[in-house]
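Asker: please find the sequence and the predicted model below.
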Amino acid sequence: MALWSSESWTRISKVRGESPLIQCITNLVSMDLMANVLLSAGASPAMIHSVTEIPDFTPVVQGLCVNVGTLSDEWLPSMKAAAKIAREMGKPWVLDPVAAGASGFRLRACLELVEMRPTVIRGNGSEVMALAKATVGSCKGADSCVESTDALEAAKALAKSSGAVVAVSGAVDVVTDGERVVCAKNGVPMLQRITATGCSVTALITAFVAIDPQNPLEATASALAVFGVAAEMGMEMAKGPASLRMQLIDSLYNLDESTLRNRLNISSLPCL
Ligand SMILES: Nc1ncnc2c1ncn2[C@@H]1O[C@H](COP(=O)(O)OP(=O)(O)O)[C@@H](O)[C@H]1O
Ligand SMILES: Cc1ncsc1CCOP(=O)(O)O
Ligand SMILES: [Mg+2]
């Protein structure tokens, strides 16, 4: 645990020190929280999605986050154009397959984006299972109706077939490259009552991988744990979802080394 704590503190310190520019092509619901979570962690968000701007802008970013939450025919070309440039230039890019199983259009778009070889895929249990099985049938829109642990085998299969690190969020966040499995156990249940917390942790993953591209699995686990620790700190001051949303941002901004070392809970299998 001590090594995970040291490495995770080093990573959040690097995000604060280097302030990586993170392009987010994301949904209309989560733009504000994603941008503010990135800023409070020390990164520099840019929610730039016009296909006309992609050739000028994506080449200068340190990481790309693609989120299909409010997917449309108009936005999909931008996502693909940016992902193509990121892959060609060896830049980390992260996919958040929101509600992947909710429709054939959405599933096809997500599978096409997976074919473009994201560095990391972060979804909830239902989303990862929909991608791994390539089946429509989301039970509840953007929310999951299975636990992250129910999607472990699906996550490993998706990691092996896509070449991506796959993170399944939930009470226990599970991260795998298809072989190794790591669990991050920080966080609070009330995070599920705030929209865009999943989108936001995916954005934070993008910033962490941007400053540690050689270790995407470890960087992903660190980001999930740091986000969860900030939520735990925020929960101590919050009165409900709205104040937790606010306290989460402040706690991430104020996170210090001793708090992270005392609270961080990351372990390798057997951790479920
Ligand atoms: N029951 C829970 N206990 C603690 N943390 C949770 C729980 N459920 C989700 N989280 C955390 O909330 C965030 C969003 O996860 P999740 O709700 O699975 O994603 P999404 O919003 O994409 O469905 C993640 O950081 C995850 O670790
Ligand atoms: C409710 C909703 N609908 C389309 S995108 C979105 C936000 C989803 O955010 P998250 O996946 O982080 O819960
Ligand atoms: Mg989500």
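Answerer: Thanks, I have it. Residues are numbered from 1 along each chain as shown. Ligands and ions are numbered 1, 2, ... in the order given.
Asker: what's the separation between Gly123 and Ala41?
Answerer: Per CB to CB, to the nearest Å, Gly123 is found 21 Å from Ala41. For every residue, glycine as well, the C-beta is placed using N, CA and C.
Asker: repeat that for Asp250.
Answerer: 12 Å.
Asker: higher neighbour count, these two?
Answerer: Taking neighbours as other CB atoms under 10 Å, Asp250 and Ala41 compare with Ala41 leading, 27 against 14.
Asker: what ranges does the stretch 51-200 of the chain have for its strands?
Answerer: Under the criterion DSSP state E, counting those that start in this stretch, the stretch 51-200 of the chain contains strands at 63-67, 93-96, 120-124, 165-169, 173-176, 181-184.
Asker: can you put these in a markdown table and add mean neighbour count, distance to Ala242 and mean pLDDT?
Answerer: Listed next are the strands of the stretch 51-200 of the chain as a markdown table, based on neighbours: other CB atoms under 10 Å; distance: least, CB to CB, whole Å; pLDDT from 0 to 100:
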| stretch | mean neighbour count | distance to Ala242 | mean pLDDT |
| --- | --- | --- | --- |
| strand 63-67 | 28 | 22 | 99 |
| strand 93-96 | 31 | 23 | 98 |
| strand 120-124 | 29 | 22 | 98 |
| strand 165-169 | 30 | 21 | 98 |
| strand 173-176 | 27 | 24 | 98 |
| strand 181-184 | 24 | 25 | 97 |
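Asker: format the ones you listed as JSON lines; extra columns: distance to ligand 2.
Answerer: As requested, the strands of the stretch 51-200 of the chain are arranged in JSON lines below (distance: least, CB to the nearest ligand atom, whole Å):
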{"stretch": "strand 63-67", "distance to ligand 2": "8"}
{"stretch": "strand 93-96", "distance to ligand 2": "7"}
{"stretch": "strand 120-124", "distance to ligand 2": "7"}
{"stretch": "strand 165-169", "distance to ligand 2": "9"}
{"stretch": "strand 173-176", "distance to ligand 2": "13"}
{"stretch": "strand 181-184", "distance to ligand 2": "16"}
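Asker: tabulate those strands (TSV), appending distance to Thr202.
Answerer: Conversion of these to TSV gives the following (distance: least, CB to CB, whole Å):
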stretch	distance to Thr202
strand 63-67	6
strand 93-96	4
strand 120-124	4
strand 165-169	8
strand 173-176	11
strand 181-184	14
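Asker: nothing else from me, thank you.
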